[in-house]
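# Sequence and predicted structure below; questions after.
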Amino acid sequence: MLLLVTAHLLLAGLLPMLVRRTGRWAFALAAIVPAATLLWALGRLSAVVSGETITQTFAWAPSIGLEVALRLDALSMLMIFLVSGLGALILVYCVYYFGSHGEGIGRTSALLLAFAGAMFGLVVADDLISLYVFWELTTVCSFLLVGQDGVGKKLRRSSVQALLVTVFGGLTMLMGIIMLGHAAGTFRISEIVADPPAGGSVGIAVALILVGAFTKSAQAPFHPWLPGAMVAPTPVSAYLHAASMVKAGVYLVARLAPAFADLTAWWLPVAVIGIWTMLIGGVRALFQNDLKTMLAYGTVSQLGFLMVLTGTGTYIGAIAGATMLLAHGLFKAALFLIVGIVDHQTGTRDIRKLSGLGRRFPVLTALAVIAAGSMAGLPPMLGFLGKEAAFQALLESGGTVDLLVLAGLVVGSVLTVAYSIRLVWGAFGDKPGVERIAAPSPSLGLVLPAAIPALAGLVLGLWSPPVYGLVKPYADAFRSGGESYYLALWHGFNLPLLLSVVVVVLGMLLYRLRERSGAESGPPVPHFLQAQTLYDRSVLSLEVLSYGVTGRLQVGSLPTYLGIILLTMLFIPGTAVLTGTTFLGEQQLWHSAVQVPVAVLVCIAAIALTMVRHRMTAVLLTGAIGYAIGALFIIDGGPDLALAQFLVETLTLVAFVFVLRKLPAKFTQIESAKRLRWPKVVIAVAAGSFVAVSTVIFSGARQAPPTSSEEFIANAPEGAHATNVVNAILVDFRAFDTVGEIVVLAVAATGVASLILAVRRTRTPSLPETDDQTLLATPGGPGSSGGAAGEHEGFDVGATKPAGVEGGRTGLATSGGLATSGGAADSGGSDPTNDEEGRR
Amino acid sequence: MTGSTVRRLSWEDWDTPREHWLLAGDARDGRERSVLLEVAVRLLFPTVLVLSLYLLFAGHNRAGGGFSGGLVAGQAFVLRYVAGGPLEMREAVRIRPPVIIGLGLSLAVLAGLVPTLFGATILESTYFQATVPVLGEIHLVTSLFLDVGVYVLIVGVVIDLLRTLGAGIEEQLVRTRRVAR
């Protein structure tokens, strides 16, 4: 299983490189891995259906008990069908969908594949920590997929919202996971479910985990990110909605329900928020004109439905939840892909503009009717079976709460029927007064991936034993009555059937009513109660808070920062040293006479450093101190240390001298700083003395060579085959630290480079700026406007801001009529240099 | 310079320098140049690099190692830069510094991962011994590869530092001077 996850990620890493050869076929290449995953899962289907589980564990960080535990059971299998099966179909669809665009194929295909891999890992993870890792991987992938290249403001806004909301939930969930793991004594999901922990903290943990599930599955009030994420290309939306990401929350609830469904902290939020979400989503979907947004709100609504079902924690409820999970994946994928085809062929998704497509694309219309029928819960589609089971589950348990939930679900289903009709009619109906759209027929490659899930929903509805076989092992975990229930189209004349009929009839009536009224927007919700406002406000207040904190902490004065650091050092370790250690130990003044002159040299250089006026002298004196300390290392018998010290010192000196070229030669002191001179002296002296005293104390505290070094020295020749123990530690005993350190070095070098070199890029004036210059310059009169024109040309070829800034000032002055045309011409005179710089 | 022996040169060209250690043809501001220093540094350059390699390999048993070796190699480039400026740097370094850094990091990480292929833990090192005709007995500890990675990375970091703090700032200075003029 881990191999499959790795295969996903590896190929995803390679795709951007391969795309140059393959072009749009990169998607087809990517589809191979999910398809292989599906085949792999199918090969284990019979074992899983008979109730077996397949497990795999890998030590990840054994020293802290972390391991990657993977487990394939019925629920995972169900999810793999969605994740990998639909994933492969959607990738194939992409080949034809993106064919005409051609840009960003490498990126999109790689991300989709990585997404599929992360989702696959998520659904087979049996360890809460590994699950969390995959969980956040999907978050990152979706952020990158929704954000695309990040050029549009809407793209950035939507992707950031998706990221913020889901990461907030993810982090909350992580807290819950840790609490739960702590209470249970294990992070293994199968063990937790088999023997659920009890106690007060478990309730809190479960509530925290639910927050994660709710944000991920776009439950109210976190739902707006999902419709917002509609800015992504349709195949991405299809995958996001049908198979992955948003299903993750439902999956987690389904996964943990056997253990916690009886807790109030579990079923209450699940039921209340689930129904709330189902209703909000349904109502909003009814008032959309964009097909994709309509589907998105439909997803929100359905996710609420799924959340309620998977959270109920009864046998029939589990059957209903799992069946609906499969049905929803199938019909939602089909519908998204169909909407994508409509968009691809006609260029619009607005139902007010679409007309006559039903006759144009009969096959597509039939598929859409099947898929939407499954969504509306019409027989003989799979969605009908799921909905019947859902009604039966709540009728069976029969408590007051259950009946209330049932009422909520019935209303939600009525809405579902209404927006399903609206969707199909809106996309394919002949509308009076709207010109029929003439569109080219879609290619088979586009239709086939949409047809498969749509038809699967129909076939599995007619022939349900395979679905029942798959969902039964999962439902068996619950065992609370109603085990005789089975999935079937016909259960006889009973209450659920009556409810279904009522739902369909009411749904049709509601649709008629809605079309009659012709309302453009839903029932008015006060602005401050809308979830999007809620999100905007919380983000805004966070920003205000961070501005406040940053503004007070980051004052932009190096001496202040240094002062704060030194004072902290004085107070915290200072008090610890004063209260903790009292002895000075046996102190030797020196153990080698050579140390004395070197130490004196260090002291002299340090004192002189405080008195110099020239920066260069200061740098050289610092260098002198560094070299002298290197000399002390040699005297004490540490050639490695000394060598490194000398080399680093030299390099630092060189770097300093390079930077000095940008700084004034002498230290300057402004008036206000002079008043702070004495406090500075006090802090510096105190900090210096503290370091000196503590050094003496610490060196006195060590009585014998530390045992760890002894071990290193003893093991170096045998363990690392090295006679240089320092090097043995660096590359062998503590090699991991070394790798970490060089990563830091690489990051630091890259950071410095980007800070210094990137300045040049941002200083290229953009075109609007040039326009501003002309605008500002023209009113200055005929004489100056000539100069401004020259300047304008200068900006076109110019590449540097220093010139740009000066030019800008000149431009401003010119507009005021203060500068002569000569002044402007002067700045125009820098053209050739600018030009030259620009070419570099 | 094997190419020059194969290709026949016309008599007018035969004594023009083609050797790498001689000066680049075009020069920056003449006043900022010291030919003697530049030539001397070019002569010194390979020697310093050899020294750095020695430090790299000696590190396991004597003072040295990838870090020190890399720094020494880096200083060789510092010498080139100090003597001849960005032009000299361009002569000495043909690969972009971030690439060198990435190369070093990849080398180190891969060297750490390779043991897992043989069932050992990450970064575990092993030991080979062989007798080679000319050099005699050779000991090879696999942790050397990690050290080589460190070496390459440090060289990259130093060169990157030269590029940013050295050439980067110099270019900015030159530019402001030109603008001011």
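Cool, the structure landed. Numbering: from 1, shown residues only, chains lettered A, B, ... in the order given.

# Now the most centrally placed residue in chain A: which helix or strand?
Nearest to the geometric centre of chain A sits A:Val140, at 2.9 Å (Cα atoms, centre = their mean). Per DSSP states H and E, A:Val140 falls inside helix A:128-147.

# same check, this time on A:Leu70
Per DSSP H and E: strand A:66-72 holds A:Leu70.

# which strands and helices sit next to that strand?
strand A:54-61, helix A:105-124, helix A:128-147 (3 or more Cβ pairs under 8 Å, 6 or more residues apart in numbering or on different chains; DSSP states H and E). To be clear about C-beta, it is placed using only N, CA and C from the backbone, and glycine gets the same treatment.

# Compare these and give me the one nearest chain B.
Among the helices and strands packed on strand A:66-72, strand A:54-61 comes nearest to chain B, with 9.7 Å by Cβ to the nearest Cβ.

# Now do the buried residues in that closest one.
A:Ile54 (16 or more other Cβ atoms under 10 Å in any protein chain shown).

# I'd like to check which residues are in contact with A:Arg661.
B:Ile169, B:Glu170, B:Leu173 (Cβ atoms under 8 Å, 6 or more residues apart in numbering or on different chains).

# Check which helix or strand the last one maps to.
Using DSSP H and E, B:Leu173 sits in helix B:169-180.

# Pull out the buried positions in that helix.
B:Ile169, B:Glu170, B:Gln172, B:Arg175, B:Arg178, B:Val179.

# What ranges in chain B fall below the confidence cut-off?
B:1-33, B:181 (pLDDT under 70).

# Could I get the full set of helices for it?
B:2-6, B:35-58, B:66-92, B:97-117, B:143-161, B:169-180 (DSSP state H).

# Would you tell me which one of those helices is buried the most?
Each of the helices of chain B was assessed for mean neighbour count using mean count of other Cβ atoms under 10 Å in any protein chain shown. The highest is helix B:143-161, with a mean of 26.

# so B:Glu38 makes contact with B:Gly85?
No: between B:Glu38 and B:Gly85 there is no contact under Cβ atoms under 8 Å: 9.5 Å.

# The helices and strands packed on strand A:66-72: which one's closest to A:Glu710?
Closest approach to A:Glu710 among these is made by strand A:54-61 (27.2 Å; Cβ to Cβ).

# Not counting its own residues, what contacts the closest one?
Here strand A:54-61 has contacts from A:1-2, A:44, A:47-48, A:66-72, A:126, A:130, using Cβ under 8 Å, 6+ apart.

# the inter-axis angle of that strand versus helix A:128-147?
90 degrees (axes from the mean of the first three to the mean of the last three Cα atoms, to 10 degrees).

# I'd like the average pLDDT over strand A:54-61.
Mean pLDDT, computed over strand A:54-61, is 82.

# For that strand, what is the distance to the chain centroid?
25 Å (Cα atoms, centre = their mean, to the nearest Å).

# That one - which strands sit beside it in the sheet, and in what orientation?
Looking at strand A:54-61 with DSSP bridges, its partner strands are strand A:66-72 (antiparallel).

# average pLDDT for the helix or strand following the partner strand?
Per DSSP H and E, strand A:66-72 leads on to helix A:74-80 as the next helix or strand towards the C-terminus. Mean pLDDT, computed over helix A:74-80, is 91.

# so what does helix A:74-80 touch, helix or strand wise?
Against helix A:74-80 (3+ Cβ pairs under 8 Å, 6+ apart) you get helix A:26-43, helix A:45-49, helix A:105-124, helix A:246-260, helix A:315-346, helix A:465-475.

# out of these, which comes closest to chain B?
helix A:105-124 (19.2 Å).

# now for the closest one, which elements pack on it?
Using 3+ Cβ pairs under 8 Å, 6+ apart, helix A:105-124 is in contact with helix A:2-22, helix A:26-43, strand A:66-72, helix A:74-80, helix A:87-97, helix A:128-147, helix A:234-238, helix A:246-260.

# same thing but at 6 Å, please
Applying 3 or more Cβ pairs under 6 Å, 6 or more residues apart in numbering or on different chains; DSSP states H and E, one finds that helix A:105-124 makes contact with helix A:2-22, helix A:26-43, helix A:74-80, helix A:128-147.

# tell me the most buried of the ones you listed?
helix A:74-80 (a mean of 26).

# mind listing the helices for the stretch 501-650 of chain A?
Under the criterion DSSP state H, counting those that start in this stretch, the stretch 501-650 of chain A contains helices at A:531-553, A:558-580, A:595-609, A:615-635, A:639-660.

# Can I get those helices in JSON lines including mean pLDDT and distance to A:Ser244?
Formatted as JSON lines, the helices of the stretch 501-650 of chain A follow (pLDDT from 0 to 100; distance: least, Cβ to Cβ, whole Å):
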{"stretch": "helix A:531-553", "mean pLDDT": "88", "distance to A:Ser244": "23"}
{"stretch": "helix A:558-580", "mean pLDDT": "85", "distance to A:Ser244": "45"}
{"stretch": "helix A:595-609", "mean pLDDT": "92", "distance to A:Ser244": "61"}
{"stretch": "helix A:615-635", "mean pLDDT": "92", "distance to A:Ser244": "56"}
{"stretch": "helix A:639-660", "mean pLDDT": "89", "distance to A:Ser244": "48"}
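
# To chain B, which of these lies closest?
helix A:639-660 (3.8 Å).

# quick check: angle from that closest one to helix B:66-92?
Going by the same axes, to 10 degrees, helix A:639-660 makes 40 degrees with helix B:66-92.

# how far out from the middle of the chain is helix A:639-660?
41 Å.

# In that helix, which residues are buried?
A:640-647, A:649-651, A:653-658, A:660.

# Give me the next element, helix or strand, following it.
helix A:671-675.

# Within range of chain A, give me the residues from chain B.
B:59-63, B:65, B:68, B:71, B:78, B:101, B:105, B:108, B:112, B:123, B:125, B:127, B:141, B:143, B:146-147, B:150, B:153, B:157, B:160, B:164-166, B:168-169, B:175-176, B:178-179 (Cβ under 6 Å from any Cβ of the partner chain).

# burial count for A:Val250?
Residues lying near A:Val250 (other Cβ atoms under 10 Å in any protein chain shown) number 28.

# Apart from its neighbours in sequence, what residue is nearest it?
A:Leu306 (4.6 Å; Cβ to Cβ, 6 or more residues apart in numbering or on different chains).

# just checking, the one you found is part of a helix?
Yes: under DSSP: H, G, I helix; E, B strand; the rest coil, A:Leu306 sits within a helix.

# Count the neighbours of it for me.
Using other Cβ under 10 Å: A:Leu306 sits among 31 other residues.

# Equivalent analysis for A:Gly429, please.
For A:Gly429, using other Cβ under 10 Å, the count is 18.

# And it, what's its pLDDT?
pLDDT, A:Gly429: 86.

# Repeat that for A:Ser84.
The model's pLDDT for A:Ser84 equals 92.

# Equivalent analysis for A:Leu122, please.
For A:Leu122, the model assigns a pLDDT of 92.

# which residue packs closest to it, ignoring adjacent ones?
Nearest one to A:Leu122, counting by Cβ to Cβ, 6+ apart, is A:Phe134 at 3.9 Å.

# Now do the same contact list for that neighbour.
A:Ala118, A:Gly121, A:Leu122, A:Ala125 (Cβ atoms under 6 Å, 6 or more residues apart in numbering or on different chains).

# how about the helices of the stretch 501-650 of chain A in CSV, adding distance to chain B?
Listed next are the helices of the stretch 501-650 of chain A as CSV, based on distance: least, Cβ to the nearest Cβ, whole Å:
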stretch, distance to chain B
helix A:531-553, 27
helix A:558-580, 18
helix A:595-609, 19
helix A:615-635, 10
helix A:639-660, 4
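
# Now tabulate those helices in TSV and tack on distance to A:Gly106.
Listed next are the helices of the stretch 501-650 of chain A as TSV, based on distance: least, Cβ to Cβ, whole Å:
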stretch	distance to A:Gly106
helix A:531-553	32
helix A:558-580	43
helix A:595-609	55
helix A:615-635	48
helix A:639-660	38
